[in-house]
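> build me a model from this:
(one chain, ligands or ions: 2)
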Amino acid sequence: MSTSPGTLITVAPTGAEHAKSDVPNLPVTLDELVATARDCERVGAAMIHIHIRDDDAKPSLDLQRLKDTVAAVRESTNLIVQLSTGGAVTDPEEHRLRVLDAMPDSASCSMGTLNFGDDVFLNRWDFIVELHKRMQDRGIVPEYEIFDLGHLTALRRLLDQHGLPAGGHVHLDLVMGVPGGMPGDTETFAAALRLIPEGATFSATGVGRSTLPILFAALSAGGHVRVGMEDTISYARGERVKDNAQLVARASGLARIAQRPPIKPDDARVLLGVTS
Ligand code: KMH
Ligand code: ZN
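Ligands and ions are numbered 1, 2, ... in the order given. A predicted model of the protein is given here:
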């Protein structure tokens with residue numbers, strides 16, 4: 001594992017799980033997403049992890065919408081644009097692979113199957129390999145999503161068998177606290193650190209009430225952080241998140257206190273090997 005003097009803050013503003021009717025301030029339209037991206041860049045985000053919605057605010061992997069989204073976020077911000085290939089638990093593999101045709105700078109690559117609340121988030125080995133290879137061919141930099149400790153051993157196997165990703169650098173995200181995945185506590189975080197491949201950088205995000213413990217743990221361990229309404233809609237006990245920028249601003253402040261200030265998108269490009 002490799003640690004860094006500054007902190008890469010990724011914002012995951014929307015996700016596929018929250019309904020707009022339950023969370024009215026969730027950014028779901030392109031205009032809302034672009035405004036969110038701008039606000040979050042202003043307060044310290046360097047990368048955005050994007051899930052899009054359709055006209056009914058339902059999760060979508062429509063290719064033209066994805067292309068339009070990549071173009072619009074690039075036009076309005078300097079953020080690294082990462083598209084989710086995880087989508088929603090109901091998305092078929094061919095739709096998830098097709099996300100790469102939108103040619104983002106980066107894309108997520110989930111490293112294994114898990115129970116996901118009441119559902120199953122299916123990530124077969126052959127599918128993971130196909131995502132990895134297509135990203136290699138297209139020069140799209142992956143962020144490997146790690147929901148459980150075994151996903152780190154799968155990542156080592158992937159790199160051993162199929163080589164380094166586009167950009168030549170390995171970056172992963174520990175997504176902790178999903179019901180069915182690894183718990184978002186410091187003991188599990190420490191166990192995960194031991195399994196991170198040599199030279200890789202990592203970010204971490206704690207879902208729900210594990211948000212703050214994992215934010216502090218990642219900053220203290222020299223890691224990077226992901227925050228956003230995909231992962232939590234609660235700012236404090238009994239207090240809903242106002243908007244994504246509020247979460248990014250809090251992470252930026254804590255990163256400064258930790259003397260690991262947020263890095264700019266261009267420095268994040270160098271860190272991750274993003275050349276697009
Ligand atoms: N929505 C989850 C089922 C990713 O973006 O790559 C999967 C997910 C992971 O959010
Ligand atoms: Zn996601």
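> helices or strands up against the host helix or strand of Asp31?
Using DSSP states H and E, Asp31 sits in helix 30-42. On a contact count with 3 or more Cβ pairs under 8 Å, 6 or more residues apart in numbering; DSSP states H and E, helix 30-42 meets strand 9-11, strand 47-50, helix 63-76, helix 244-257. To be clear about C-beta, it is placed using only N, CA and C from the backbone, and glycine gets the same treatment.
> can you tell me which of those is nearest to Asp266?
When those are compared for distance to Asp266 using Cβ to Cβ, the nearest one is strand 47-50, at 11.7 Å.
> do the helix or strand just after the closest one and ligand 1 meet at all?
Following strand 47-50 in sequence order, the next helix or strand is strand 52-53 (DSSP H and E). No. Applying Cβ under 6 Å from any ligand atom, one finds that strand 52-53 is not in contact with ligand 1, the shortest distance being 11.4 Å.
> picking up where we left off before, quick one: closest of the helices and strands packed on helix 30-42 to ligand 1.
Closest to ligand 1 of these, according to Cβ to the nearest ligand atom: strand 47-50, at 6.5 Å.
> direction included, what does the closest one pair up with?
Applying DSSP bridges to the sheet, strand 47-50 is found paired with strand 9-11 (parallel), strand 80-83 (parallel).
> and among the ones you listed, the most buried is which?
Of all the strands paired with strand 47-50, strand 9-11 has the most neighbours on average by mean count of other Cβ atoms under 10 Å, namely a mean of 29.
> would you mind listing what in this protein touches ligand 1?
15-17, 84-86, 88-89, 108, 110, 116, 121, 145.
> recalculate using a threshold of 5 Å.
Ala16, Ser84, Gly86, Val89, Ser108, Ser110, Phe121, Glu145 (Cβ under 5 Å from any ligand atom).
> could you pull up the residues touching the fifth one?
Residues counted as contacts of Ser108 (Cβ atoms under 8 Å, 6 or more residues apart in numbering) are His49, Gln82, Leu83, Ser84, Thr85, Gly86, Pro142, Glu143, Tyr144, Glu145, Asp173.
> residues contacting the residue in the stretch 1-150 of the chain that ligand 1 sits nearest to?
Using Cβ to the nearest ligand atom, Gly86 is the residue of the stretch 1-150 of the chain that sits closest to ligand 1, at 2.4 Å. Residues in contact with Gly86 (Cβ under 8 Å, 6+ apart) are Ala16, Arg96, Ser108, Ser110, Phe121, Glu145.
> buried subset of those?
Ala16, Arg96, Ser108, Ser110, Phe121, Glu145 (16 or more other Cβ atoms under 10 Å).
> picking up where we left off before, can I assume the residue of the stretch 1-150 of the chain closest to ligand 1 sits in a strand?
No. Gly86: not assigned to a strand; according to DSSP: H, G, I helix; E, B strand; the rest coil it is coil.
> neighbours of Glu32, just the number please.
When neighbours are counted by other Cβ atoms under 10 Å, Glu32 registers 17.
> returning to that earlier point: out of the strands paired with strand 47-50, the one nearest Gly206 is which?
strand 9-11 (13.5 Å).
> other residues contacting that closest one?
With Cβ under 8 Å, 6+ apart, strand 9-11 has contacts from 36-37, 40, 44-49, 82, 143, 173, 203, 224-228, 244, 247-248, 251-252, 255, 262.
> residue contacts, the residue nearest to the spatial centre of the chain?
Closest to where the C-alpha atoms of the chain average out (Cα atoms, centre = their mean) is His49, at 4.9 Å. Residues counted as contacts of His49 (Cβ under 8 Å, 6+ apart) are Thr10, Val11, Ala12, Gln82, Ser84, Ser108, Glu143, Arg226, Gly228, Glu230.
> one more time with 7 Å, if that's ok
Counting by Cβ atoms under 7 Å, 6 or more residues apart in numbering, His49 touches Thr10, Ala12, Gln82, Ser84, Ser108, Arg226.
> neighbours around the second one, how many?
When neighbours are counted by other Cβ under 10 Å, Ala12 registers 26.
> hmm, it is touching Arg226, no?
Yes. When contacts are counted by Cβ atoms under 7 Å, Ala12 is listed as touching Arg226 (5.6 Å).
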